[in-house]
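Participant: Provided below for reference: sequence and predicted model.
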Amino acid sequence: MSTTKPDIEITTLPNGVTVITDPMPHLATASLGVWVGAGARDEAADEHGISHLLEHMAFKGTRRRSARAIAEEIEAVGGDINAATSVEHTAYHARVLGEDVPLALDVLADILTEPAFDPEELTREHNVIVQEIGAALDTPDDLVFDLFQERAFPGQAIGRSILGTPETVRSFDAGRLRAYLDRNYRGPRAIVAAAGAVEHAQVVAEAERRLAGFPATGKPAPAEGRYEGGVKVGGGRDLEQAHLLLGLEGISYRDPAIHALQVFTNALGGGMSSRLFQEVREARGLCYAVYSFHWAYGDTGLFGVYAGTDAQDVTELLDVVVDQIGETIETLSEAELSRSKAQAKVGLLAALENSGARADQLARQMLAFGRPIPLEEIVAKLDAVTLEDARAAGRALLGRGRPTFVALGPGKALESASRIAERLEKKAA
């Protein structure tokens with residue numbers, strides 16, 4: 001299997017902005033964007049939700065373009081443009097024909113360097129995001145994840161929801177947005193990534209022309225994440241199902257054990273052949289959805305298992321989940337290890353087949369490690385994970401401290417749920 005990409009090129013501009021391109025000659029379109037290493041965890045206590053609002057306002061007009069003009073210029077060439085905010089990153093990206101890369105970069109740079117922050121547009125976007133917050137609160141299988149993150153990292157920016165609250169969102173004016181942007185959107189933490197029908201020299205020239213205004217100094221480092229864990233049970237809601245999240249402190253993506261933990265997580269609950277799916281859903285019929293995951297950040301991580309089930313099955317389901325975590329640590333097989341590695345490899349290869357996913361992958365690798373990680377290197381590290389490595393990664397999860405348990409659903413169904421978390425805590429002791 002040949003996966004070498006010798007044609008990846010990287011250039012660092014004088015102000016620290018990094019440009020990375022990966023030509024994909026068989027494509028006529030290009031995916032490109034600006035990724036900034038700043039997200040929700042970079043917010044001060046009184047800035048909850050400002051990263052997400054800034055992302056929304058990026059498309060609401062600049063000094064040169066109205067909100068309508070931004071949409072029309074991109075769509076006039078058949079392209080699309082979007083953005084996303086996460087805990088540690090914010091991405092502004094577009095997909096266009098290769099010949100229209102300069103236009104896309106011009107629009108993206110314009111919204112990042114010359115945003116208008118028109119008061120009327122800002123008020124409208126306040127209302128849009130408040131509605132988005134309301135929709136999240138009405139969606140228990142989304143809300144439970146926000147509560148999970150908050151319970152794992154209480155009182156910290158890394159633990160707060162990305163959306164903010166209606167009160168904080170409505171408090172942000174143009175001055176606050178500019179201050180946050182000026183503090184965090186800086187050259188050394190900005191990546192211009194492009195994949196598909198792209199020419200590196202052209203992207204560099206356009207980026208240097210359009211993004212020269214990004215300051216050359218770095219941004220402040222976010223506060224270190226402090227995992228605490230604990231139990232939060234939200235009963236009394238008029239829900240047919242109980243939504244459950246049971247978790248443990250994870251690890252940073254820089255931790256040498258990250259690949260072993262990924263393999264363990266996949267084997268436990270990463271697919272239809274996983275322990276959780278086979279035992280909880282197939283053998284016992286206790287739920288429709290059950291899976292495990294691991295969110296890795298620059299300095300910490302969070303492992304979890306999600307399940308949605310009928311109220312009457314909560315206790316049995318959680319007992320089985322706790323048992324399966326322990327049994328996977330003790331009895332993981334070579335066949336399961338091999339399947340888990342194969343899942344991870346396919347996910348990596350899929351990014352090479354999609355220009356948008358490839359640009360995103362490259363940008364995140366540059367922000368996290370300062371270099372693109374060759375696929376062969378990642379595959380070699382996955383292949384090197386032994387059965388004992390994967391089991392040790394699971395044991396380390398239990399050894400890091402108290403679990404996090406969050407549940408939403410009918411009150412009576414959750415009365416005894418917290419004792420399951422106590423059971424897991426005893427396993428860790």
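Facilitator: Received the coordinates, thanks. Since this is a predicted model, take the numbers as computed values, not measurements. Residues are numbered from 1 along each chain as shown.

Participant: From the centroid of this protein, which residue is nearest?
Facilitator: Nearest to the mean C-alpha position of the chain, by Cα atoms, centre = their mean, lies residue 86 at 5.4 Å.

Participant: Isn't it up against residue 40?
Facilitator: Yes. The pair residue 86 and residue 40 passes the contact test of Cβ atoms under 8 Å, sitting 7.2 Å apart. To be clear about C-beta, it is placed using only N, CA and C from the backbone, and glycine gets the same treatment.

Participant: Show me the helices in the stretch 101-250 of the chain, by range?
Facilitator: Assigned by DSSP state H, counting those that start in this stretch, the helices in the stretch 101-250 of the chain fall at 101-113, 119-137, 140-152, 166-171, 174-184, 200-210.

Participant: between these, which one is nearest to residue 318?
Facilitator: helix 140-152 (14.0 Å; Cβ to Cβ).

Participant: for that closest one, which positions count as buried?
Facilitator: By 16 or more other Cβ atoms under 10 Å, the buried positions in helix 140-152 come out as 140, 143, 144, 145, 146, 147, 148, 149, 150, 151, 152.

Participant: For residue 71, state which of the residues you listed is nearest.
Facilitator: residue 146 (29.8 Å).

Participant: any chance of the helices of the stretch 101-250 of the chain in TSV, with mean pLDDT too?
Facilitator: Output for those, formatted as TSV (pLDDT from 0 to 100):
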stretch	mean pLDDT
helix 101-113	97
helix 119-137	96
helix 140-152	94
helix 166-171	97
helix 174-184	97
helix 200-210	97
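
Participant: Quick one: those helices as JSON lines, columns for distance to residue 69 too.
Facilitator: As requested, the helices of the stretch 101-250 of the chain are exported to JSON lines (distance: least, Cβ to Cβ, whole Å):
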{"stretch": "helix 101-113", "distance to residue 69": "9"}
{"stretch": "helix 119-137", "distance to residue 69": "13"}
{"stretch": "helix 140-152", "distance to residue 69": "33"}
{"stretch": "helix 166-171", "distance to residue 69": "26"}
{"stretch": "helix 174-184", "distance to residue 69": "20"}
{"stretch": "helix 200-210", "distance to residue 69": "17"}
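
Participant: Among the ones you listed, which comes closest to residue 267?
Facilitator: The nearest among these, by Cβ to Cβ, is helix 140-152 at 21.8 Å.

Participant: how big is the angle separating that closest one from helix 119-137?
Facilitator: For helix 140-152 against helix 119-137, the angle by axes from the mean of the first three to the mean of the last three Cα atoms, to 10 degrees is 90 degrees.

Participant: Name the residues that touch helix 140-152?
Facilitator: Contact partners of helix 140-152, identified using Cβ atoms under 8 Å, 6 or more residues apart in numbering, comprise 136-137, 158-161, 227-232, 234, 237, 239, 241, 243-245, 247, 249, 302, 304, 306, 308, 404-409.

Participant: one step back: which residues are in contact with both of residue 86 and residue 40?
Facilitator: Shared contacts of residue 86 and residue 40, defined by Cβ under 8 Å, 6+ apart, comprise residue 162.

Participant: Next up, phi/psi of residue 21, please.
Facilitator: When read as degrees, to the nearest 10, the backbone of residue 21 gives phi -130, psi 150.

Participant: So what pairs up with it in the strands?
Facilitator: Note on residue 21: beta-bridge partners residue 9, residue 194, judged by DSSP bridges.

Participant: What distance do you get for it to residue 29?
Facilitator: Distance of residue 21 to residue 29, given as Cβ to Cβ, to the nearest Å: 14 Å.

Participant: do the same with residue 227
Facilitator: 42 Å.

Participant: again, but for residue 283
Facilitator: 45 Å.

Participant: Cross-check the contact I'm expecting between residue 286 and residue 316.
Facilitator: Yes. Between residue 286 and residue 316 there is a contact under Cβ under 8 Å: 6.3 Å.

Participant: Those two: which is more packed in?
Facilitator: residue 286 (21 against 13; other Cβ atoms under 10 Å).

Participant: who are the neighbours in contact with that one?
Facilitator: Here residue 286 is in contact with 280, 307, 309, 313, 316, 317, 320 (Cβ under 8 Å, 6+ apart).

Participant: nearest residue to the third one other than its sequence neighbours?
Facilitator: For residue 309, ignoring the flanking residues on the chain, the nearest one in space by Cβ to Cβ, 6 or more residues apart in numbering is residue 287 at 4.2 Å.

Participant: again, but for the last one
Facilitator: Distance criterion Cβ to Cβ, 6+ apart; nearest residue to residue 320, sequence neighbours excluded, is residue 280 at 5.5 Å.

Participant: Over to the fourth one?
Facilitator: Leaving out its chain neighbours, the residue that sits closest to residue 313 by Cβ to Cβ, 6+ apart is residue 286, at 4.9 Å.

Participant: State the distance from that neighbour to residue 312.
Facilitator: With distances taken as Cβ to Cβ, residue 286 is found 10 Å from residue 312.

Participant: ok, now which ones touch residue 14?
Facilitator: 208, 212, 216.

Participant: Buried subset of the residues you listed, written for ChimeraX?
Facilitator: To isolate the buried ones among those in ChimeraX, judged by 16+ other Cβ under 10 Å, type:
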select :208
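
Participant: Next, residue 33: phi, psi?
Facilitator: phi -180, psi 180.

Participant: Just to check, it is in contact with residue 196?
Facilitator: No. The pair residue 33 / residue 196 is not scored as a contact, 11.8 Å apart, by Cβ under 8 Å.

Participant: Could you tell me which residues touch both of those two?
Facilitator: Shared contacts of residue 33 and residue 196 (Cβ under 8 Å, 6+ apart): residue 359.

Participant: So between residue 283 and residue 29, which is more surrounded?
Facilitator: More crowded of residue 283 and residue 29, by other Cβ under 10 Å: residue 29, with 19 against 10.

Participant: Before I go, just wanted to say thanks for your time.
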